[in-house]
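K.L.:
Predicted structure and sequence below. I'll ask about it afterward.
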Amino acid sequence: MKVRPWRRLRASSRAVALLLLTLLVAPLTLWLASSPASAADTLCLPDDKSACLAGTIRSEEDVVPDAELTVTGPKGFEESVTTSETGKWNVKVTELGAYTVTLDEESLGDDLEALDTVGKTNVAKFKTTRAVVIEVRTTNYSGETSWIEYFTKSAISGLRLGLLLALASVGLSLIYGTTGLSNFAHAEQVTMGGLLGYAVINLGGLNLWLGGLIVVIICGFTGWLQDRVMWQPLRRRGLGLIQLMIVTIGLSLALQYVFQYFVGARSVRVVKENPETFNIGFVELTYQSVAAMLISIVVLGGVGYALLYTRIGRATRAVADNPALAASSGIDVDKVIRLVWTASAALAGLSGILYALVTGNIKWDSGMQILLLLFAAVTLGGLGTAFGALVGSIIIGLVIELAPVAHVPGDFKYAAAMLILILVLMFRPQGLLGRAERVG
Amino acid sequence: MSDHDQSTQLAPPAGAAEPGSTKSDPILVVDNVVRHFGGMTAVDVGHLEVQRGVITALIGPNGAGKTTFFNLITGFDRPTAGAHWSFDGSALDKTSASRVARAGMVRTFQLTKALNRMTVMDNMMLGARGQTGENLFLSWLKPLWSNQEKEIRDKALGLLERFKLLDKQDDYAGSLSGGQRKLLEMARALMSDPKMIMLDEPMAGVNPALTQSLLGHIQALRDDGMTVLFVEHDMHMVRHISDWVVVMAEGKLIAEGKAGEVMANPVVIDAYLGAHHDTDLGDDALLEEGSDMEEQLADEVAEEETSREDQA
Amino acid sequence: MDTVINILNSMAREAIAPQTAAVAIAVIGLNVHFGFTGLLNMGQAGYMLVGAYGFAISVREGAPLPVAILIGLAASVVLSLVLGLPTLKLRGDYLAIVTISAAEIIRFIGRQPLLENVTGAAQGIPGGDYRVPFQDLSFLGAGQTSFGPWNYFNTGVNGWWVRVVAWGVVFLGVLIVWLLARSPWGRLLKGIREDEDAIRSLGKNVFAIKMQALIIGGMFGALAGMIYVLPSSVQPDSMGRQLTFFCWTAILLGGAATIFGPVLGAVLFYATRIFIKGFANATVPDSIMNTQQTEQFSWIVVGVALMLLVIFRPQGILGKKRELQFNV
Ligand SMILES: Nc1ncnc2c1ncn2[C@@H]1O[C@H](COP(=O)(O)OP(=O)(O)O)[C@@H](O)[C@H]1O
Ligand SMILES: [Mg+2]
């Protein structure tokens, strides 16, 4: 890889970039007040001559049964429905065109209110189901305590997400630091952890702890094996870093479809039962998510300790700093890199199984979806620095989970990560803990 | 301090001078260029003037900050706030590397930057300034640039001839030896007719037979009116061709003057040789050492790293 | 025997399909990025999507065809500026990270239910909404023409007309790239690919030139997106990262930094994929690999092929081996 200087952008180009960013982001602000749609599964089956409108009425606390809705549409279409026990409703229509769904607020009861009683959709095709969202809240929702509650809950999820991201991104960053490689297949290592968890624990019926341990060991082994049969020989061959990066992209694609080949495109779970919950004050937590956070903290602490105070950890940092010098001072660089691959894959696997436990499901492209977050975290912290990756991950996790508190619709959280990424690159491209590079 | 005569003569002041002394006709004036890496100060140059039309050598032990200084004043790195430098009368601080080059101050790199997967000729042609065909909107109309292209090619052939690379013109630059790549880089820099050329260790790895003729070329450049600033480890060569020598150690300028005087200066010997006080700078023995570029670079890297570790 | 003929026929049909041509154009753009300039654009599909949206939405809202095309191209220019300004002064992998992320985010945003009325959300924009002005331009008339394994309507939704235009654009793209690559500007691109600091030291404005290359390659991407959706519909999920990875496999297959490599690569890529699918379907019993799995199997092969290509023949089919011996 060619070494490039880090140079501050000149003010003018920065201003232009900011302007363009604003252009990019401005449309997002239009939808700030609304939140994402949730698809409903319904019993309405559309066919060649019909389509379905469906939805679930739900407040932030629970689903809302017995709410009354009126659907109006083209050619004087009008039909009333009542939501089921699970808050679901659906209507079959036989004309294409625009439909309006109106919620009768009276039917909600006193403690609920609708944000907007009207939902609109356009049925463009038969044999489809269109989801219509009407949002309902409890009347005391916007109260002071409720906001704090919301904030606290989100902050805890943010921290949890940050810790899980950190497990994966520390490895990504160490691989980058020691080999110079941006490993696009790292996300698949995360997916692999979750899916192996499904295989070993859900299908295989193993105990969660034992199964988890086995998964982490298998994942670590895949890292060892990758370096043994692929990365090390390729380094020896003198393959350029850009080519290596493209190899990781090919690997990422191949792995994604290997997962699909065996598991299919559906979401699967690591444990069959729903997680048990308990309350601390007003915050409801699952035992699994608390365990996941504790495990992450312990493991990350262990990694940090190893990097700072053990011989091999110091050797790793020396290699990350300057492989040529490390080699000349008697460090076995290949051994260090082998260890880094093994540990990184194991950590990513752990991250994957914890992620699957905490979010309740995992699928073939779950890892790919957090890859952007991983890159954002690693860049924010400073490419190649393990501690930077940790800090970056926590920040990204918090930002992502707190974004909805600031009224950013949930699905735009990835855009928020992208925004952070671009801002970091513009104003501090070496990241929070990174260091500028040398020319000449 | 300015004890030289005020006539039209452009020669530098005779004998030794304080570091940072004024020159009669400086082409480059540098003030307060400072660069820290972490806690270590790599470069801290208070004042430096480079005389127009002469060959100035910048010497100093490995890790003295010579390359970093080059990077700073050519826009490849940014100094700490407060730095000012001007080239040929116009300020260069806050200027990008490409504008520095366009102002007429062209550099080469210690770690040669030949464009490996391009031919020697293409490397050379890239050096030429003001090419119409490099404008995206005109580039697809060959008639607009074909004549200029021919002139540039002729000029490149002339330079390649001078640098003994003529028979390599259609080879990939990546297939050249380390020394040949250094030559190519220098020839490429000359394609732009710079006012001043800055060479970072131009002779490292160049075969001794060629060194002689290269020295001749550098002197010829000076005689044509070009200013040359070069970093070199080989004291013999420094003594042979430089009109003026500037010494750096630990980021600072420690001495300046004629080669002979500077090399006799105890401060310089001390900084330069450390323990080897008995060695005469400019001794031929030093010519042998460090003529192998790889070895030298390896040493250099190690040296730099130790100093980096030290301050960490 | 019949299956062999069937497979060969579907390969031949795939080879000249408008979507193959579209990908060839996208790969021509990627070649300007990666092949000539060394820019790691991992989001070419994002450019295609942006171009397709810009074009389809403009036509639907009543813009004349040329204006719609210009809007699609302009959208890609804005994207290039947004992605290029913060990254083009930094090390190459940053552009890779930002482009792959941006492409995904554009797809996410396009899928947003909130944007139902603009992008059609996950359902996308039906082809009928924007295809008509293009079809009206056809001078091939009605009826059907048959030629070897190829038998299509002259105009139609997915007939000869769109094929002729698509391959015409491919030809134009090749011509443009040839003109640019032989010029001093093209030489500058290659110099930047090799070592941009060296080019900077020669007084060239590297940032501006990289930006020009990013914009031009992105415009090819946008154009490719428009052609890609003409015979079908604008489906955000059909222009995801897989499509970007196809482009990469195709360029490495054909040979980066060559003039015809992208076209050859794209054609071979699609024909080969059909071959693998057809072959696996015909030879492996359903109990071992069902149809769904053959599809996935063909993707796995694509991924592995990409890896093997980069490792064992990074110069592709048309590239010069000699050039690659000096990897830095
Ligand atoms: N990018 C960098 N990061 C950290 N330290 C650096 C960097 N560039 C140079 N240095 C340090 O600055 C000092 C001067 O280096 P250099 O300018 O290369 O010396 P010279 O060229 O005189 O041998 C060395 O100690 C080197 O380690
Ligand atoms: Mg140096």
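P.N.:
Everything's here; your move. Numbering: from 1, shown residues only, chains lettered A, B, ... in the order given. Ligands and ions are numbered 1, 2, ... in the order given.
K.L.:
Now find how far off-centre the host helix or strand of residue B:150 is within its chain.
P.N.:
Element membership for residue B:150 (DSSP states H and E) is helix B:142-162. Remark: helix B:142-162 is offset 25 Å from the chain centroid, using Cα atoms, centre = their mean, to the nearest Å.
K.L.:
Please report phi then psi for residue A:90.
P.N.:
Dihedral angles of residue A:90 (phi, psi; degrees, to the nearest 10) stand at phi -160, psi 160.
K.L.:
Quickly note the distance from it to chain B.
P.N.:
Residue A:90 sits at a distance of 56 Å from chain B (criterion: Cβ to the nearest Cβ, to the nearest Å). For the C-beta atoms, the positions are set from N, CA and C on the backbone; glycine is no exception.
K.L.:
now do residue C:288
P.N.:
Distance, residue C:288 to chain B, by Cβ to the nearest Cβ: 45 Å.
K.L.:
and if you look at residue A:193?
P.N.:
Noted for residue A:193: a distance of 35 Å to chain B, by Cβ to the nearest Cβ.
K.L.:
got it, and residue A:397?
P.N.:
In terms of Cβ to the nearest Cβ, residue A:397 sits 29 Å off from chain B.
K.L.:
Which helix or strand contains that residue?
P.N.:
helix A:386-402.
K.L.:
Correct me if wrong: residue C:224 contacts residue C:51.
P.N.:
Yes. At 7.1 Å, residue C:224 counts as touching residue C:51 under the criterion of Cβ atoms under 8 Å.
K.L.:
coming back round to it: in the helix holding residue B:150, what's buried?
P.N.:
Neighbour-count burial for helix B:142-162, counted by 16 or more other Cβ atoms under 10 Å in any protein chain shown, picks out B:145, B:149, B:152, B:155-156, B:159-160, B:162.
K.L.:
Can I get those residues in CSV including pLDDT and distance to chain C?
P.N.:
Output for these, formatted as CSV (pLDDT from 0 to 100; distance: Cβ to the nearest Cβ, whole Å):
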residue, pLDDT, distance to chain C
B:145, 91, 6
B:149, 93, 7
B:152, 94, 9
B:155, 94, 14
B:156, 95, 12
B:159, 92, 14
B:160, 93, 16
B:162, 87, 19
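K.L.:
Using the three-state scheme, assign the residue of the stretch 101-250 of chain B found nearest chain A.
P.N.:
Relative to chain A, the nearest point of the stretch 101-250 of chain B is residue B:109 (4.7 Å; Cβ to the nearest Cβ). The three-state label given to residue B:109 by DSSP: H, G, I helix; E, B strand; the rest coil is coil.
K.L.:
Next one: it from residue B:232, what distance?
P.N.:
Residue B:109 is 14 Å from residue B:232, where distance means Cβ to Cβ, to the nearest Å.
K.L.:
which one of the two has more residues nearby?
P.N.:
Per other Cβ atoms under 10 Å in any protein chain shown, whichever of residue B:109 and residue B:232 has more neighbours is residue B:109, with 25 against 21.
K.L.:
Kindly list the main-chain dihedrals of the more buried one?
P.N.:
phi -110, psi 150.
K.L.:
Check the gap between it and residue A:163 for me.
P.N.:
44 Å.
K.L.:
do the same with residue A:47
P.N.:
Relative to residue A:163, residue A:47 is positioned 47 Å away (criterion: Cβ to Cβ).
K.L.:
These two: who's more crowded?
P.N.:
Between residue A:47 and residue A:163, residue A:163 has the larger neighbour count (other Cβ under 10 Å), namely 24 against 11.
K.L.:
and residue A:178, which of the three is it?
P.N.:
Applying three-state DSSP: residue A:178 is helix.
K.L.:
what number of residues lie near it?
P.N.:
Neighbourhood size, residue A:178 [other Cβ under 10 Å]: 24.
K.L.:
these two touch, right, it and residue A:316?
P.N.:
Yes. Under the criterion of Cβ under 8 Å, residue A:178 makes contact with residue A:316 at 6.7 Å.
K.L.:
Mutual contacts of the two, please.
P.N.:
Listed as contacting both residue A:178 and residue A:316 by Cβ atoms under 8 Å, 6 or more residues apart in numbering or on different chains are A:336, A:340.
K.L.:
before we move on, back to that, which secondary structure elements does the helix holding residue A:397 contact?
P.N.:
helix A:144-179, helix A:287-309, helix A:366-381, helix A:413-427 (3 or more Cβ pairs under 8 Å, 6 or more residues apart in numbering or on different chains; DSSP states H and E).
K.L.:
Can you tell me which residues in the stretch 151-300 of chain C are near ligand 2?
P.N.:
By Cβ under 5 Å from the ion, no residue of the stretch 151-300 of chain C approaches ligand 2.
K.L.:
interface residues of the stretch 151-300 of chain C facing chain A?
P.N.:
On the criterion Cβ under 8 Å from any Cβ of the partner chain, chain A has as its neighbours in the stretch 151-300 of chain C the residues C:195-197, C:207, C:241-242, C:245, C:248-249, C:252, C:292-293, C:296-297, C:299-300.
K.L.:
Put the buried members of these into a PyMOL selection.
P.N.:
Buried subset of those, written as a PyMOL selection, criterion 16+ other Cβ under 10 Å:
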select buried, chain C and resi 195+196+197+207+241+242+245+248+249+252+293+296+297+299+300
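K.L.:
and which of the residues of the stretch 151-300 of chain C next to chain A is nearest to chain B?
P.N.:
residue C:195 (4.7 Å).
K.L.:
Isn't the closest one up against residue B:117?
P.N.:
No. Counting by Cβ under 8 Å, residue C:195 sits too far from residue B:117 to count as a contact (10.1 Å).
K.L.:
neighbour-wise, which of residue C:224 and residue C:51 wins?
P.N.:
Each of residue C:224 and residue C:51 has its neighbours counted (other Cβ under 10 Å); residue C:224 has more, 35 against 32.
K.L.:
Within the helices and strands, which one has that one?
P.N.:
Taking DSSP H and E as the definition, residue C:224 sits inside helix C:206-229.
K.L.:
what about the helices in the stretch 151-300 of chain C?
P.N.:
Counting by DSSP state H, counting those that start in this stretch, one finds helices in the stretch 151-300 of chain C at the ranges C:160-181, C:184-194, C:196-201, C:206-229, C:241-254, C:261-283, C:291-312.
K.L.:
quick one: which of the ones you listed is nearest ligand 1?
P.N.:
helix C:196-201 (13.4 Å; Cβ to the nearest ligand atom).
K.L.:
Much appreciated, bye for now.
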